[in-house]
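Colleague: Requesting a structural model of the entry that follows:
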Amino acid sequence: MKFVEEVVVDEFLPTVRSMLAEDLRERGFTQREVADALGISQSAVSKYAHGDVARHERIVADERVRDLVDRIGEGLASGDLSPVAALVEIEVLIRQLEEGDLLAELHEESMPELAAADVDFSVHDPDSGLREREAVLASVRRGLRTLTNASGFAGLIPNVGANVVERLADAGSVDDVAAVPGRLVDVKGRAMVPGEPEFGVSEHVATVLLAAREAGSSARGAVNLRYDPDLVTELAESHPTVEFDPERPTREAVADAVAAADLPDGTDTLVCYQTGAVGVEPIVYVLAPTAPEAARIVRRLL
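Modeller: Numbers count the residues shown, from 1 in each chain. Here you go, the predicted model:
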């Protein structure tokens, strides 16, 4: 009796780890960095590098596996993917390949009795909330890099700080929105990022994004900027733009303003702004389908 998990451990994982080690080394990782990224020992990396670990030819030849290795290698090298996100992506592909696919075929070959059995074999559900959360965190990191690498972005940061956020598809509260803890600040002309993106750390920008969703917008990413009437005018030339009342609770004010604008259902790109009040700094919010897309809109202002 042989379990499909044994095929994964004995055939799939050694092959994929070997492919990932090779990919990361080609991207300039040291042996130690490869070991840290993959959670294995340096001696294991050395074995992979010298071909001492056999690869399964059918797994190597599978385009989905090759695409996964390339995406994970690129994500780990750029910092867009955390080790947890990489693990989730590999797990998802494993579950897919177990469902009557490559791993199921290898399993049946190692245990012919399965092929003869008249049963449907469903091992795992590939859908995962963790996968979506990690994808959103990776998206926020890409948005951050787009802005922090841009010359002049620090000049658009308001006194209260800026943030880059993205929500889950079915977000209902700030806990479903990923952002930078503590916000981006201008330090001597550079945008400083105080920490890695997390869920539930943005109260203000997340609230604007959630309010827009309540009013029918499908935008999932947002960036906030200092208010400047010229910026608003420039943004309004290409995007729906709405003003909301800063003296009302933000969620209600934004939802009412977006609803009153009578935008087409599912509008995924828009600009919301308020011009300030006593004790309230004027702010502009750029909303887009994702955090990187919101960041690119902002970058074009520079």
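Colleague: Buried residues in the helix or strand hosting V205, which are they?
Modeller: Assigned by DSSP states H and E, V205 belongs to helix 204-214. Within helix 204-214, the residues that count as buried by 16 or more other Cβ atoms under 10 Å are H204, V205, A206, T207, V208, L209, L210, A211, A212, R213. Quick note: C-beta positions are derived from backbone N, CA and C, even for glycine.
Colleague: Surely the third one is in contact with V164?
Modeller: Just to be clear, that refers to A206. No. Here A206 lies out of contact with V164, judged by Cβ atoms under 8 Å, at a distance of 11.2 Å.
Colleague: Quickly list what's touching both of those two.
Modeller: Counting by Cβ atoms under 8 Å, 6 or more residues apart in numbering, the residues touching both A206 and V164 are A179.
Colleague: rewinding a little: for the helix holding V205, output the C-alpha coordinates as PDB.
Modeller: C-alpha atoms of helix 204-214 as PDB (Å, rounded to 0.1, in the frame of the first residue of the first chain):
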ATOM      1  CA  HIS A 204      -8.300  55.300   7.500                       C
ATOM      2  CA  VAL A 205      -7.400  54.300   3.900                       C
ATOM      3  CA  ALA A 206      -9.000  50.900   4.500                       C
ATOM      4  CA  THR A 207     -12.200  52.600   5.500                       C
ATOM      5  CA  VAL A 208     -12.400  54.600   2.300                       C
ATOM      6  CA  LEU A 209     -11.800  51.500   0.200                       C
ATOM      7  CA  LEU A 210     -14.500  49.600   2.100                       C
ATOM      8  CA  ALA A 211     -16.900  52.500   1.800                       C
ATOM      9  CA  ALA A 212     -16.400  52.600  -2.000                       C
ATOM     10  CA  ARG A 213     -17.100  48.900  -2.100                       C
ATOM     11  CA  GLU A 214     -20.400  49.400  -0.200                       C
END
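Colleague: if I look at R141, how far off is R27?
Modeller: To R27, R141 is 17 Å away according to Cβ to Cβ, to the nearest Å.
Colleague: meant to ask about P112
Modeller: 41 Å.
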